[in-house]
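Novice: Below is the structure, and that's it, no one-letter string:
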């Protein structure tokens with residue numbers, strides 16, 4: 001891969017991240033898919049910028065260096081300071097709400113529909129809890 005290809009790839013991945021961050025800022029809640037996609041992109045761009053900074057120490061591509069600094073600032077100031085805490089709270093609140101809902105159900109006289117609905121709630125709870133664990137791993141890396 002040429003240096004120009006790498007620079008273009010970083011620009012493209014950075015643009016995806018900027019779009020995901022803008023979307024996360026504008027929505028009150030994100031879906032599980034959106035959360036995972038956003039964290040994946042943050043980690044992807046962070047890894048790329050670290051690698052490029054190491055490679056770029058000998059090469060003075062100031063446009064690329066500026067983009068790396070801009071993306072690091074966006075991740076630090078916008079994502080880590082605003083969006084990450086918002087997502088963490090959303091997941092915690094969601095787990096609490098689903099758990100309360102499941103605990104309040106009367107265990108007697110359940111219809112087939114009640115059992116199916118409860119099963120879906122448990123599945124949803126599992127997904128939210130595993131996503132929260134994924135987000136916690138990001139948090140531990142900060």
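Specialist: Perfect, thanks for sending it. Model, not experiment: these values are computed from the prediction.

Novice: pLDDT weak spots in this structure?
Specialist: Along the chain, the parts satisfying pLDDT under 70 run over 56-61, 107.

Novice: Can you flag the residue of it lying furthest from its geometric centre?
Specialist: The C-alpha centroid of the chain is most remote from residue 109, which lies 40.5 Å away (C-alpha atoms, centre = their mean).

Novice: helix/strand/coil for it?
Specialist: Following DSSP: H, G, I helix; E, B strand; the rest coil, we place residue 109 in the coil state.

Novice: quick one, phi psi at it?
Specialist: Residue 109 adopts backbone torsions of phi 60, psi 40, taken as degrees, to the nearest 10.

Novice: what's it in contact with, if anything?
Specialist: Not one residue lies near residue 109 by C-beta atoms under 8 Å, 6 or more residues apart in numbering. In short, each C-beta sits where N, CA and C put it, glycine included.

Novice: And for residue 127?
Specialist: With C-beta under 8 Å, 6+ apart, residue 127 has these contacts: residue 32.

Novice: Okay, buried residues for whatever helix or strand it lives in please.
Specialist: If you go by DSSP states H and E, residue 127 is part of helix 112-141. By neighbour count on 16 or more other C-beta atoms under 10 Å, the buried set for helix 112-141 is 124-125, 128, 131-132, 134-135, 138.

Novice: and which of those is nearest to residue 79?
Specialist: residue 138 (9.8 Å; C-beta to C-beta).
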